[in-house]
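Q: Dropping the sequence and predicted coords here.
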Amino acid sequence: MPPPRLKAQPITEGFMQTSAGLKLVWREFRWNTGRTDRMWFVDPDVVNEDQIEIRELGSAKDSAGET
């Protein structure tokens with residue numbers, strides 16, 4: 001039997017206000033194994049964490065019964 005397929009769902013996003021507007025800094029995912037990972041879209045060393053606005057993402061797919 002093959003191993004179970006890995007799936008990840010985005011759970012939170014970090015945004016930062018720039019002169020050009022709102023910029024996505026990172027997105028956090030929860031895997032069906034329970035593990036959480038963060039994907040960075042900018043260099044984390046140049047970001048001031050105090051300026052990041054964190055937004056929780058809804059689980060519209062789960063509430064609709066989709067997988």
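A: Looks like it arrived, so ask away. Numbering: from 1, shown residues only.

Q: thought Leu6 was touching Trp31?
A: Yes - with contact defined as CB atoms under 8 Å, Leu6 and Trp31 form a contacting pair (6.1 Å). For glycine as for every other residue, the C-beta is placed from the backbone atoms N, C-alpha and C.

Q: the more surrounded of the two?
A: When neighbours are counted by other CB atoms under 10 Å, Trp31 comes out ahead of the other of Leu6 and Trp31, with 12 against 9.

Q: The more buried one: what's its closest spatial neighbour, skipping adjacent residues?
A: Ala8 (4.9 Å; CB to CB, 6 or more residues apart in numbering).

Q: show me what contacts the one you found?
A: Contacts of Ala8 were listed using CB atoms under 8 Å, 6 or more residues apart in numbering, and they are 29-32, 37.

Q: Could I get the pLDDT score of Lys7?
A: Per-residue confidence (pLDDT) for Lys7: 95.

Q: Would you mind confirming that it makes contact with Asn32?
A: Yes - counting by CB under 8 Å, Lys7 touches Asn32, with 4.7 Å between them.

Q: What sits closest to Trp40 if chain neighbours are left out?
A: The shortest distance from Trp40 to any residue other than its chain neighbours is 4.8 Å, reached at Trp26 (CB to CB, 6+ apart).

Q: gap between the one you found and Thr33?
A: As for Trp26, its distance to Thr33 is 20 Å (criterion: CB to CB, to the nearest Å).

Q: who's more crowded, the two?
A: Neighbours were tallied for Trp26 and for Thr33 using other CB under 10 Å; the higher tally belongs to Trp26 (18 against 10).
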